[in-house]
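J.: 3D, please:
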Amino acid sequence: MKTYLVGGAVRDELLGYPVKERDWVVVGAMPKELLDLGYTQVGKDFPVFLHPESKEEFALARTERKKGHGYTGFETHYDPDVTLEEDLLRRDLTVNAIARDDDGSLIDPFGGSKDLNDRVLRHVSHAFTEDPLRVLRVARFAARYAHLGFTVARETITLMSEIVAAGELEYLPAERIWVETERALRERDPQVFVEVLRQCGALKALLPEVDALFGVPQKAAYHPEIDTGIHVLMVLKQAALLSRERRSNKNVEQTESGNSQVVFAALTHDLGKGITPDDVLPSHRGHERAGLPLVEDVCARFKVPNAHRQLALTVCEYHLHMHRARELRGETLLKLLEATGALRQPERFENYLLACEADSRGREGHEDRDYPQAGYLRKARDIANAVTVAGLQTADSQNAKLEGRAIGEALRQERIKRLNQLRDDYTSSATA
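T.: The predicted model follows:
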């Protein structure tokens, strides 16, 4: 029995990248041998075992043969005669098909080390096409390592295109697509995930609402990049950057990881522009509300968690309100605060602000501009929260007699009054 460190741990060690988990392959063993050593079996389709102390995964070396559609349509073979090279051959990318011996030496039969040095994501063999989930995995790896200069090999893009053309993505469970997508949205460059999916045709197959945005013009005065699809890619980049900065400022660990709720909202915020009639382009009046059913469709299709769905709908409907926040009358500003969770859901509100700032900065020439609207809306929130029932009743004896809806209306009117004063003060200072 021989054990090798494999996959992502070896790849990331060679890159000098943080290693989050370690996986092992066991060659020359049967399940009983590991069970006798105290390992716990967890795999159903093939034997995977948890180490009794470290809880790291140890899998018996195996081969696979395609027997159906989708990523689960495989017949797995394992026994002590399966070699390490045969096990590595079934893996997706050469950079994931490197093993390390216990003496530190590398076993690299498919040139993964060279591809790491060349910054190339390349398939191991034509068997790559047997698993459609690899289309999303490769796009996700591209998003993770783009900042290091990695690109997907042209011949691998070709195989990914073949998978899409064969209709294999249709056999992927919605939940599995979402898991890979959500992980990609947390990567350093989620816009690269979208770009790679578009290159191979998978974006049109999985997210036609997003694919439809490419080539749709916007007014150059507001969007120098003009193309709506390009704008969305820029917004994704900014959303990932801003969410990482926010985590870093909060001293949250793993600051490489972005906020997938914010990035998903960035991805879907302009879906309404994809259905704007040609005769009114490049204007997109009303695209915010027009996009809401499309966001709902995407969320239903992939069974998106409610927190992601709620934020995406909020950003879709109210991102222009945010950009114009300093122009809004008190009543409209209060409605915006209520709709975005400012008074009851502070985390959702902060995510909304991040997504809207990403939208503003995700434009050509605007990447490094300040976004004072966020500070203005936080101030508006604080003003609204400072108005309380107890405060109203203490300040005015007439209010002490109010109950139910009446006191609620008095609370609302006082908040509107103070928010109007905020607007007036801002207008005065801006014109001074």
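J.: rest of the way, CA atoms for contacts and neighbours
T.: Will do.
J.: distance of the closest residue to residue 108 other than its chain neighbours from residue 13?
T.: Of all residues not flanking residue 108 in the chain, residue 98 sits nearest, at 4.9 Å (CA to CA, 6 or more residues apart in numbering). Shown here: residue 98 relative to residue 13, a distance of 11 Å by CA to CA, to the nearest Å.
J.: for residue 77, give me phi and psi.
T.: Taking degrees, to the nearest 10, you get phi -120, psi 130 for the backbone angles of residue 77.
J.: local confidence estimate at residue 386?
T.: Confidence at residue 386, expressed as pLDDT, is 92.
J.: returning to that earlier point: mind checking which of residue 98 and residue 13 has more residues around it?
T.: Taking neighbours as other CA atoms under 10 Å, residue 98 and residue 13 compare with residue 98 leading, 26 against 11.
J.: might you calculate how far the helix or strand where residue 352 lies sits from the centre of the chain?
T.: Assessed by DSSP states H and E, residue 352 sits inside helix 346-361. Distance of helix 346-361 from the chain centroid (CA atoms, centre = their mean, to the nearest Å) equals 15 Å.
J.: what's the answer for stretch 315-334, then?
T.: Averaging C-alpha positions (CA atoms, centre = their mean) puts stretch 315-334 26 Å from its chain's average.
J.: neighbouring contacts of it?
T.: Contacts to stretch 315-334, defined as CA atoms under 8 Å, 6 or more residues apart in numbering, come from residues 265-266, 268-270, 288-289, 291-292, 336, 352-353, 355-356, 359-360, 373-374, 376-377, 380, 384, 415-420, 423, 426.
J.: hmm, 6 Å instead?
T.: 269, 288-289, 356, 416, 419-420 (CA atoms under 6 Å, 6 or more residues apart in numbering).
J.: show me which of those are buried.
T.: 269, 288-289, 356, 416, 419-420 (16 or more other CA atoms under 10 Å).
J.: phi and psi next, for the residue most central in space within the chain.
T.: Nearest residue to the geometric centre of the chain (CA atoms, centre = their mean): residue 185, 1.7 Å. The phi/psi pair for residue 185 (degrees, to the nearest 10) reads phi -70, psi -20.
J.: excluding its backbone neighbours, what's nearest it?
T.: Spatial nearest neighbour of residue 185, chain neighbours left out: residue 260 (5.1 Å); criterion: CA to CA, 6+ apart.
J.: so that neighbour versus residue 187, what's the distance?
T.: Distance of residue 260 to residue 187, computed by CA to CA: 9 Å.
J.: the two: which is more packed in?
T.: residue 187 (27 against 21).
J.: coming back round to it: give the residues shared as contacts by residue 98 and residue 13.
T.: Counting by CA under 6 Å, 6+ apart, residue 98 and residue 13 have no common neighbour.
J.: still on that earlier bit, now flag whichever of the buried ones among the contacts of stretch 315-334 is closest to residue 302.
T.: For those, the minimum distance to residue 302 (CA to CA) is 16.9 Å, reached by residue 269.
J.: residues contacting the closest one?
T.: By CA under 6 Å, 6+ apart, the neighbours of residue 269 are 315-316.
J.: again, but for the one 3 residues further on
T.: For residue 272, the residues meeting the contact criterion (CA under 6 Å, 6+ apart) are 287, 290-291.
J.: of these, grab the buried ones for ChimeraX.
T.: To isolate the buried ones among those in ChimeraX, judged by 16+ other CA under 10 Å, type:
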select :287,290,291
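J.: distance to residue 110 and secondary structure added to the contacts of residue 272, as JSON lines?
T.: Converted to JSON lines, the contacts of residue 272 look like this (distance: CA to CA, whole Å; DSSP: H, G, I helix; E, B strand; the rest coil):
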{"residue": "287", "distance to residue 110": "49", "secondary structure": "helix"}
{"residue": "290", "distance to residue 110": "50", "secondary structure": "helix"}
{"residue": "291", "distance to residue 110": "46", "secondary structure": "helix"}
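J.: just the contacts of residue 272 now: which is nearest residue 36?
T.: residue 291 (57.9 Å).
J.: surely that closest one is in contact with residue 271?
T.: Yes: counting by CA atoms under 6 Å, residue 291 touches residue 271, with 5.0 Å between them.
J.: now residue 232: closest residue in space that isn't a chain neighbour?
T.: Distances taken as CA to CA, 6+ apart put residue 267 closest to residue 232, at 6.3 Å, once the chain neighbours are dropped.
J.: pLDDT value on the one you found, please?
T.: At residue 267, the model reports a pLDDT of 98.
J.: before we move on, which element is it in?
T.: Using DSSP H and E, the element containing residue 267 is helix 260-268.
J.: OK, contacts around residue 359?
T.: Per CA under 6 Å, 6+ apart, neighbours of residue 359: residue 235.
J.: how far away is it from residue 54?
T.: For residue 359, the distance to residue 54 (CA to CA) stands at 44 Å.
J.: reformat the buried ones among the contacts of stretch 315-334 as a markdown table; add secondary structure and distance to residue 407.
T.: Below are the buried ones among the contacts of stretch 315-334 laid out as a markdown table (DSSP: H, G, I helix; E, B strand; the rest coil; distance: CA to CA, whole Å):
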| residue | secondary structure | distance to residue 407 |
| --- | --- | --- |
| 269 | coil | 37 |
| 288 | helix | 34 |
| 289 | helix | 32 |
| 356 | helix | 33 |
| 416 | helix | 14 |
| 419 | helix | 18 |
| 420 | helix | 20 |
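J.: I'd like the residues you listed laid out as CSV, including distance to residue 22.
T.: Shown next, in CSV, are these (distance: CA to CA, whole Å):
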residue, distance to residue 22
269, 37
288, 45
289, 46
356, 38
416, 56
419, 54
420, 57
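J.: what's the closest of those to residue 341?
T.: residue 356 (14.3 Å).
J.: for residue 144, see how far away the closest one is.
T.: 24 Å.
J.: ok, now residue 300?
T.: 27 Å.
J.: what angle separates the helix holding residue 352 from helix 260-268?
T.: 40 degrees (axes from the mean of the first three to the mean of the last three CA atoms, to 10 degrees).
J.: pull out the buried positions in helix 346-361.
T.: In helix 346-361, counting by 16+ other CA under 10 Å, buried: 348-361.
J.: residue 28: what's it in contact with?
T.: Counting by CA under 6 Å, 6+ apart, residue 28 has contacts 1, 80.
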